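Chemist: Sequence below, structure please.
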Amino acid sequence: GLPDVAIPGVSSGSSDAAPVDLASLLTQQKDLMGLFKQSMGNMLTAQSLTLAAGGMKAEAEKASAAAANYGTGSVVSSEQLKRDTELSTNASKAISELTKQNSALSAEAQSQLLSAVPHYAMGMYEGTKLPKGFQAWADSAKSGMSGLMSDPASASKLTGGLDEVATVTQNLPSLISAWTTTSQAFLSYAKSNKVDTKDLSSKMGDL
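Modeler: I've put the predicted structure just below:
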């Protein structure tokens, strides 16, 4: 689950400069970014496996390479996220096209689809929680900035966190839309090839 974003001593509706628990804010920001990278990595991996099963090798390799970037722990740049959002959206469209082909898959391809199920399930379940979590963190951080005006070094750390969170938050609507579409397309594609999608069907039903 997402970390608790309520910050002791900080009220979003108060104009008073209350003490800011900077360590807690920074830890929560790190946790949120970790959850985002995990969700992004899972969805790109799921799309890669689906594309590979459909014989779209080049597209699958691009998605797989992008997924690997989210396991490195590096900061997510706006350029990287814009590029990978477009990549995931295009992969979603390609998977939607695969569902229209109605071609029988080999046992190996069916196995690839089956291996994609848990990645879709985890990516969607985590991903749909992210917009609310990021927005709550950003609101708490902004409301506590006035408490750090006398501490430029700490204020700089918090501002840096806000920039990274803002980059993700701005791209989440497009990502969640693409992920929902690609998960629904995958369900149709997998079921038409007699692949068990119980885990994903259950997660999608919860959303």
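Chemist: So, low pLDDT: which residues of the chain?
Modeler: Applying pLDDT under 70 to the chain flags the ranges 1-20, 73-75, 144-155, 157-163, 199, 202-207.
Chemist: Could I get the full set of helices for it?
Modeler: Under the criterion DSSP state H, helices of the chain are mapped to 22-53, 57-69, 78-98, 107-127, 130-144, 152-192, 198-206.
Chemist: Take those helices and write them to CSV, including mean neighbour count.
Modeler: From N, CA and C alone the C-beta is placed, and that goes for glycine too. Listed next are the helices of the chain as CSV, based on neighbours: other C-beta atoms under 10 Å:
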stretch, mean neighbour count
helix 22-53, 22
helix 57-69, 17
helix 78-98, 17
helix 107-127, 19
helix 130-144, 19
helix 152-192, 18
helix 198-206, 14
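Chemist: measure the nearest residue to V168 once chain neighbours are set aside to K62 for me?
Modeler: In space, and not counting its chain neighbours, V168 is closest to F36: 5.5 Å by C-beta to C-beta, 6 or more residues apart in numbering. Noted for F36: a distance of 20 Å to K62, by C-beta to C-beta, to the nearest Å.
Chemist: for T180, same thing?
Modeler: Separation of T180 from K62 (C-beta to C-beta) stands at 21 Å.
Chemist: do the same with K37
Modeler: 18 Å.
Chemist: Same check on V76?
Modeler: On the measure of C-beta to C-beta, V76 and K62 end up 18 Å apart.
Chemist: Please apply the same query to Y125.
Modeler: Distance from Y125 to K62, by C-beta to C-beta: 25 Å.
Chemist: Also L175?
Modeler: 16 Å.
Chemist: Now T99: phi and psi?
Modeler: Here is the backbone geometry of T99 (degrees, to the nearest 10): phi -70, psi -20.
Chemist: Now do the contacts for it.
Modeler: 185, 188-189, 192 (C-beta atoms under 8 Å, 6 or more residues apart in numbering).
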